[in-house]
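Q: below are the sequence and a predicted model; questions follow.
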Amino acid sequence: MSSAMITSVEIMLQRWKSYEGKEIEMYEEFRLLTSDVISRTAFGNDYERGQNIFEMLVRLVELVSDNIYKLRFPGISKFFKTDYQIELDIIDSKARNNIIEMIKEKERKMMTGKEDNSGSDFLGLLLKAHHDADDSQRISINTIIDECKTFYFAGQETTNSLVQTMYLGSEFTYITVSKAKLFEMV
């Protein structure tokens, strides 16, 4: 797991070399880093593979939060869907299909033995639970999809916040400049 994290950090540092002398948008860089680390460690693939899933989940959250207080009439929404509901259904379907593809690819790798540590990542453990011989311990494919969505989105957001806080906390100059700006405003 640590080797996957190191690989992700090395990729980020290589990208930073191209920014030499330019300003770096740290929020975006840390978002990319945490997304890549989660994709590599939890699902066994790199950020490019998980990028679409991340973007779709972020868009789903945006749509829901933008429309959470809109008035809806039960029963009518089955027959007359708003643009928001149509977009929500489309994005959710695409995210689900991408996750299903990722699951099928992982299962193929596990069955053919191409995956070295197939059961050591999050998705591998979920697939082992899905194929468990004991019916009471078995989980459904829908549960796997929901767990992947949760892990992708919640894991990325919390890890991103943690990395930013740790970085800013370790940089004394940022702290002093922030304090000075705060006192100027007050």
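A: Structure received.

Q: surely residue 52 touches residue 98?
A: Yes. Counting by CB atoms under 8 Å, residue 52 touches residue 98, with 5.6 Å between them. Any C-beta I mention is one placed from the backbone N, CA and C, and that applies to glycine too.

Q: out of these two, which sits in the busier spot?
A: residue 98 (18 against 12; other CB atoms under 10 Å).

Q: where does residue 138 land in three-state SS?
A: Under DSSP: H, G, I helix; E, B strand; the rest coil, residue 138 falls in the coil class.

Q: what's the answer for residue 3, then?
A: Counting by three-state DSSP, the backbone at residue 3 sits in helix.

Q: give me the pLDDT value at it.
A: Looking at residue 3, its pLDDT is 80.

Q: same thing with residue 47?
A: 68.

Q: cool, residue 32 as well?
A: Residue 32 is given a pLDDT of 83.

Q: for the one 10 residues further on, same thing?
A: Residue 42 carries a pLDDT value of 78.

Q: so which strand or helix has it?
A: Assessed by DSSP states H and E, residue 42 sits inside helix 26-43.

Q: and the next element down the chain from that helix?
A: helix 47-67.
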